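J.: From the sequence below, what's the structure:
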Amino acid sequence: MPDDDNGDAAITADSSTDASNADASNNDASNNDASNADASNNDASNNDASNNDGGSLEAHSTTLSAKNKIDFLFVIDNSASMCEEQANLAQDFTALSKFLFDDLGASADYRIAVTSTDMKPFNGEMGAFLKKPAEYKPSLSCIDPVTNQPLPPDTEDCFAADFKLDQVLQSSGDEKNIASKEDLEKKFRCLATLGTQGDSFEKGLEAMRVSLSCAPRDCLVACMNSGSDEQRCRSQCYAPNSALFEPCCNDDGTYKQDCQISEGQKEPVFLRPDALLAVIFLSDEDDCSDPDSNPRASKLAICKYGTADNNGDGLPDGFADHSLCGPDSPADCFKKECDGLTADECYSKRCRIERGSNANCEWHRDDLTPVRDYYEFLTGLKGQPIGQLMVATLVGQRAYVSGKVITYQEGPVKNECLAEDAVHSLTSEACCPDDQCFGPTAPSCSSEGNGEAFAGKRYLELSDLFEKNGVGCPTGSEGNPDACVTICQDDFKKPFEEIRKGITQVMGTYCLDRMPACQVAASRDEAGNDLPARACETAEEKADVKNYQIQVRKACPRSVQEGGQCQEIMAPRVLCPGENCEPLKDAEGNVIGKEWELVTGAEAAACKGNALIRLLGTSEAGSEITVEFQAASENQ
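T.: Presented below is the predicted three-dimensional model:
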């Protein structure tokens, strides 16, 4: 998540020193959900110790349930240039299915949905979860490189009479529709092969938001009664998948971040409150989401409410909304947003990008919906985003000139820049002074397997905002295959491997409700004088693994037969922090080594205790993680 000034610290603690003598079995996690914002508080207050710094320490123990639920949303570009990319996505999905079936195994509880980047009104998909495989017939967008003849998409078996494809793939529950790994791979191929008839003005970010949005209760009736026209009202109230997660929707159309599903109540089909949400974008062009694509979500009154002046005061009615205009009067708010333009001119300028050329989205990028709006939307869906959200972007990498990211401006291209010689090219320093190029946008990368792609700067900005929870191509990492995931690769095996790593990291992230105490142990100075134990003071001391007393244990106490989720009962086991513990080995005999780390600083700032434990591997369904440590006494 966005950095602050604290800096991050990943600290491995010494497991040889227990923080408490408390028995882990006394800390029952049966009522603790992995999605809760903070760990449960089970203090062993009788085990107090002085920290010789004016306060006291007490043993603290908390138990958390392992995470095993994942909701995947794939946002796939279905414009004319996406034939190879869709085929590669479906083909290399095997890397993710292997993770779900082989790595997570019986513990996996996942949902998969697909939507497209097509947000064209009335004839586009507009954020709906899709189950519409591309028609099996030769497509002019898919050309065989050998015969130069049109190829059909790989969807013939998707239309078999005995084949059933659902809107959401589900691995568990009463509506389970995945029978095997092969069944999952086939059904995902049918979902993800959308074809190439979609809108060329890709709006993947808005499609994502619309697809995960709740519908306000009685919205259409209220909107029509306000005097707005039917077309605008349908746009205002549109939420195509809301029924799939309706139990977690508020009446005003927002999602209940603290949604709780009571025992016996059917959980949502998608966007489950206790599931990790992984959003994966695939596109070979940048996002072009403008406020007109989803007026209800806009933070501009002119875009949200339009130009209607039903009270005849000469101002659009929406400028009376104080939630958008604050203390400003309607007239002042209108002046601030429209700056001398008429209402119609203002709407055209502020809310809608003209469709004359895809370059319009780059030339008029300041009029697009801010990327941070989508970041705030996603983080608003989860009580603890750092442990419940991941965003991956398979898009074109940024292009650079003189070490700066290229932007394009509307204007003529110099004649000499059309020569494409060694000195003059459309993206050369001579033709792009101060990183400003002119004219149509140029591809930023290409590959034999997926062709050309344009820089997906807005998608990349979103993944950058999620920091370690984002999988993309951070600024400056271009050309480094270990750090940059891009659509300009011959296949998607590497991107799916990075997605797997990202999901594993988020699944293993658990916020702590209190900060573990950092304490320098008692010692002697060079003169032989006793130095008492004391609280850490310097950055070096806080980064020293020996100054923390933490123990992390894992157990799986209840089998499926006993009403739990454990495939096998597992007695409590101390997890190795990387030193002073017996090396562990996996089933293949490889040394596992470090199994967890403590993270503090900016990366853990969203946690109540400003600290988190990150397990460096997956956990069995039904297992419980107990963390014991010393913390400053709350009774001081």
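J.: Every contact and neighbour count from this point should use C-alpha atoms.
T.: OK.
J.: and the biggest helix by length in the chain, what does it pack onto?
T.: In the chain, assigned by DSSP state H, the helix with the most residues is helix 493-507. Other helices and strands packing on helix 493-507, by 3 or more Cα pairs under 8 Å, 6 or more residues apart in numbering; DSSP states H and E, are helix 94-98, strand 276-282, strand 389-394, strand 470-471.
J.: Most distant residue from the centre of this structure?
T.: Most distant residue from the mean C-alpha position of the chain: residue 527, 55.5 Å away (Cα atoms, centre = their mean).
J.: hang on, that residue is in a helix, isn't it?
T.: No - read with DSSP: H, G, I helix; E, B strand; the rest coil, residue 527 is coil and lies in no helix.
J.: can you start the count at 22 instead of 1 from here on
T.: Sounds good: first residue 22 from here, last item residue 548.
J.: mind listing what's buried in the longest helix of the chain?
T.: Buried residues in helix 514-528, counted by 16 or more other Cα atoms under 10 Å: 514-517, 519-528.
J.: how close does residue 169 get to residue 183?
T.: The gap separating residue 169 from residue 183 is 34 Å, by Cα to Cα, to the nearest Å.
J.: now do residue 171
T.: 28 Å.
J.: And for residue 174?
T.: For residue 174, the distance to residue 183 - Cα to Cα - is 20 Å.
J.: Pick out whichever of these two has more residues nearby.
T.: Neighbours were counted for residue 174 and for residue 183 using other Cα atoms under 10 Å; residue 174 has more, 24 against 7.
J.: Now for the spatially closest residue to residue 496 that is not a sequence neighbour: which residues touch it?
T.: The shortest distance from residue 496 to any non-neighbouring residue, by Cα to Cα, 6 or more residues apart in numbering, is to residue 419 (7.5 Å). Shown in contact with residue 419 (Cα atoms under 8 Å, 6 or more residues apart in numbering): 426-427, 465, 476-478, 496, 499.
J.: Among those residues, which one has the most neighbours?
T.: Counting neighbours by other Cα under 10 Å, residue 476 leads the contacts of residue 419 with 27 neighbours.
J.: residues touching the residue nearest to that one when sequence neighbours are not counted, list them.
T.: Distances taken as Cα to Cα, 6+ apart place residue 417 nearest to residue 476, at 4.3 Å, with adjacent residues excluded. Applying Cα under 8 Å, 6+ apart, we find residue 417 in contact with 304-307, 465-466, 474-478, 507-509.
J.: Residue 259: neighbour count?
T.: 23.
J.: same thing with residue 432?
T.: Residue 432: 11 neighbours (other Cα under 10 Å).
J.: Residue 462 is in contact with that one, correct?
T.: No - Residue 432 is beyond contact range of residue 462, at 11.5 Å (criterion: Cα atoms under 8 Å).
J.: List the residues that contact the closest residue to residue 128 other than its chain neighbours.
T.: Excluding the flanking residues, the one nearest residue 128 by Cα to Cα, 6+ apart is residue 642, at 4.4 Å. Each residue near residue 642 by Cα under 8 Å, 6+ apart is listed here: 87-89, 127-129, 586-588.
J.: Could you grab the helix/strand/coil label for residue 132?
T.: What three-state DSSP gives for residue 132 is strand.
J.: ok, back up a step: from residue 541, how far out is the residue farthest from the centre of the chain?
T.: In this view, residue 548 and residue 541 are 19 Å apart by Cα to Cα.
J.: Repeat that for residue 222.
T.: Look at residue 222 and residue 541: by Cα to Cα, they are 59 Å apart.
J.: if we can go back for a sec, if you rank the contacts of residue 642 by neighbours, which is first?
T.: residue 88 leads the contacts of residue 642 on contacts (other Cα under 10 Å) with 29 neighbours.
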